[in-house]
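A.B. asks: Next input, structure requested:
(2 chains)
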There are 2 protein chains.
Amino acid sequence: MSQASANLSSEATAPCATARALIEAGDPAADARALRRCLGQFPTGVTVVTARNGERLVGMAVNSFAAVSLAPPLVLWSIRRESSSAQDFLQAGHYAVSVLADDQVELSQLFGSSHPERFERARWQAGLQGAPLIEGAIAHLECRLEQVHEGGDHLILVGHVERYARFEGAPLLFTQGHYGVAQEHPALAEATPPGDQSAATELSDAELLRQLIYASQRLSLDFDSHRQALGLDMPMSRLVNRLREGACDPAELARATYLEPEEVADGLAGLEQQGLVCACGDGRVELSTSGRERQAAIAGSANHYMKDKLGQIAEADLAAFKRVLQALGHD
Amino acid sequence: MSQASANLSSEATAPCATARALIEAGDPAADARALRRCLGQFPTGVTVVTARNGERLVGMAVNSFAAVSLAPPLVLWSIRRESSSAQDFLQAGHYAVSVLADDQVELSQLFGSSHPERFERARWQAGLQGAPLIEGAIAHLECRLEQVHEGGDHLILVGHVERYARFEGAPLLFTQGHYGVAQEHPALAEATPPGDQSAATELSDAELLRQLIYASQRLSLDFDSHRQALGLDMPMSRLVNRLREGACDPAELARATYLEPEEVADGLAGLEQQGLVCACGDGRVELSTSGRERQAAIAGSANHYMKDKLGQIAEADLAAFKRVLQALGHD
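C.D. replies: Here you go, the predicted structure:
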C-alpha cells in the first residue's frame, strides 16, 4: 500500500468509497433548476470579466471560467447570448479576467448585479485595450478574444492570454450554491512528519490546524443535517434566518445571505411550496406563521445539539476554549 | 449602505479592497510554468471523466470542467491532444463526469496517473453507453459528445447532459496547486441573527463555527508566511517535509504530499535552483545539506511562532482547549 493510502486509511478515503445518499436525479430537460443544483456540486472560483468597447465598460461576475491550454496560452468562459453585454464583449475583441479574493464577496455581488455604477463603486486600473483590472484580485489574465463557439443559450469565448499577473491572497469560492473559502485538506496534516516543534507543545502546528479544520467541518455538517431533518437545505435556511428579521425583497436577500440571485429564487420557490413564506404584494416576501414555527424548531434543534455536544464539557473548559480560540484567530 | 456591506465592513470587504502584493507577472509565452501558477489561483473542483470506446474504458482526473448552458443542458472540459485517451473519447461520442467528494483525494490521484488498473481499483457502475460512473462522487453528469473545438494544445469537448444525479456530500477542491476542502464563508456567520440558542451557551453555534474557521485560516496564513520568509512556497515546503524522511521519487512525492505531478516537478525545480535538493541518480531526489538546514530553520520558526502565540496562554487553558476541540471534532 502506498504512503498516501496508508495515511488516508483512517479517513475511509480508499478508492472504493461507500455509496452516498442520492438527493435527486433525472433528465435535465425536465428540470433545469435541478440540473443547476447538480452543476453547483462542482466548486469554482469567482472571476469578474471586463472589457472596454469604445467608450463603454462592461463587466460581470463569472464562474464558468476554465483554463484550456498552456502553449499557446488559452482560457475560456461563457456568456449568456441574451446578456446585454454580449455584443460589447464580441466587439471589444479583448477581455480581462480578475480572479477574486476571499474578501471580495461584495464585489462579486456588485458584478453579479446590473448595478449601473459598478465601475464607479469598484477600484480598478485600465489594462491592455482599456479593459478594467479589478484591484484586490489574486490574478489578472488579459486576453485577446480568439474564438467564439456556440454553446446552447451561451457563447463560449476562448481568449489568448497576453499578460498575466499573480498576487498574494486566497481565492473566493462558489460551491453548492453559496460563497465559501478554501481550506487546506485536513488529511494532509497527517502526512506531515511531526518535526522538532511537536516536542515544544502538546499540540504541534500541523496537528492543531488539522483539528481546527476537522472541528469546523464537523459542526458545518451537523448543522446541515439539522436543517435537512427539518426539510430545509442550506440556502433555504439562510433565507428563513434573514426573513425572521422581517419582510425583504429578493435583491436584498441575495446580499444578506451571500446567495446568488438564482439560488434565492430557487430557495424561495422551495419555501413557498412548503407554505413557509408568502408574498407581501409589494415584491417583498415574508415568513408565514408556519415559517416562523419552522425557524423556531431549527433554532431549538441547534440549541439542543450544542447542549448535547458541549454539555459533557465543564463550564471552565468551555471558557478556556473560547479564550484560546480568540487568541488563535486574532493578531 | 446595504445590509450586506454593513455586515462586512469589519472585515474590510468593501468593493475598494486594498492593493495586494504582486508575486509575478508577464508574458505567458515566456514562462508557461508561471502561467500555470497564475491559472491555479482560480479554484476548481476535481472530476473524473470516463468513457467506454468499444471494449476499452478510459478515464482521467480533470479540473477544466465548466457548465455552459442550462437549456439546452451543456457542459465542457478540455483534453490534451496528445493524451493517449483523446481518440477514445472522440470515438466513444459520449462521456460521463463524476464530481469528486472531499474524501476522494486518492481516487483523484489514481485517475491523475496512468495506472493501468485504475478501473480495477476504483468502484464504479456502468452508466449510459457503458461509461463508468465513479461511486462516492457527489454528482454524475452523463453526456453525449456534441461539439469538439480546437483549443491550442487541447481539445474542448462540449457535451449535452442526458442524465444527472446529485448526491449528499462536500466537494474536493483543487486550489493554488494543491487539494483542499470548502468551508462556509466566515463572514456569513456574522450575518446570521443570533437566534434563541445564543442564550443557552456563551458560544452560539454560528459564532463558534465562525471562530473556528477564522482561527484555522489565521494559522494557515501564518504558516504560509513563515515558509515564504524562508524562501519556500507551500508545495516546496511539503516536498521538503517529505524528503526529510529520505530520498523519494517524484510519483511517490506526489502521492505523499497531495500535490499534482506538475506541482511536484515545479517545486523540485525551484528547490534545485536554490540548491536544497539533489538527484540521487536513480530517479529519486534527496535533500542536500543546505536543504536539511533550511528544513530545520522552518521547523524552528514554526516552533517559535507557536510558543509566541500560545505562550501567553496558561498550560491548563491549552489542555482544556485540546479537550474541547477533540470533543467537537468527533462523534
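A.B. asks: Show me the domain layout of chain A.
C.D. replies: For chain A, the structural domains run A:44-174, A:230-311, going by automatic domain parsing.
A.B. asks: Among those domains, show the one with the smallest mean pLDDT.
C.D. replies: Per-segment mean pLDDT for those reaches its minimum on domain A:230-311, at a mean of 86.
A.B. asks: Quote the end-to-end distance of it.
C.D. replies: Criterion Cα to Cα, to the nearest Å; first-to-last residue distance in domain A:230-311 is 23 Å.
A.B. asks: show me where chain A has helices.
C.D. replies: Assigned by DSSP state H, the helices in chain A fall at A:3-8, A:32-39, A:86-92, A:105-112, A:118-121, A:186-191, A:205-229, A:234-243, A:250-257, A:261-273, A:289-311, A:315-329.
A.B. asks: can I get those helices in a markdown table with mean neighbour count and distance to chain B?
C.D. replies: Glycine gets a C-beta too; all of them are placed from N, C-alpha and C. Below are these laid out as a markdown table (neighbours: other Cβ atoms under 10 Å in any protein chain shown; distance: least, Cβ to the nearest Cβ, whole Å):
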| stretch | mean neighbour count | distance to chain B |
| --- | --- | --- |
| helix A:3-8 | 18 | 4 |
| helix A:32-39 | 20 | 4 |
| helix A:86-92 | 18 | 13 |
| helix A:105-112 | 24 | 5 |
| helix A:118-121 | 16 | 5 |
| helix A:186-191 | 21 | 5 |
| helix A:205-229 | 21 | 4 |
| helix A:234-243 | 24 | 6 |
| helix A:250-257 | 21 | 4 |
| helix A:261-273 | 19 | 10 |
| helix A:289-311 | 17 | 4 |
| helix A:315-329 | 18 | 4 |
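A.B. asks: Please convert those helices to JSON lines, extending it with distance to B:Lys322.
C.D. replies: Below are those laid out as JSON lines (distance: least, Cβ to Cβ, whole Å):
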{"stretch": "helix A:3-8", "distance to B:Lys322": "22"}
{"stretch": "helix A:32-39", "distance to B:Lys322": "39"}
{"stretch": "helix A:86-92", "distance to B:Lys322": "54"}
{"stretch": "helix A:105-112", "distance to B:Lys322": "33"}
{"stretch": "helix A:118-121", "distance to B:Lys322": "45"}
{"stretch": "helix A:186-191", "distance to B:Lys322": "15"}
{"stretch": "helix A:205-229", "distance to B:Lys322": "8"}
{"stretch": "helix A:234-243", "distance to B:Lys322": "30"}
{"stretch": "helix A:250-257", "distance to B:Lys322": "35"}
{"stretch": "helix A:261-273", "distance to B:Lys322": "38"}
{"stretch": "helix A:289-311", "distance to B:Lys322": "15"}
{"stretch": "helix A:315-329", "distance to B:Lys322": "9"}
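A.B. asks: closest to B:Ala170 out of the ones you listed?
C.D. replies: helix A:205-229 (7.7 Å; Cβ to Cβ).
A.B. asks: nearest to B:Val264, of the domains of chain A?
C.D. replies: Going by Cβ to Cβ, the one of those nearest B:Val264 is domain A:44-174, 16.7 Å.
A.B. asks: and the end-to-end length of the closest one?
C.D. replies: First-to-last residue span, domain A:44-174, Cα to Cα: 5 Å.
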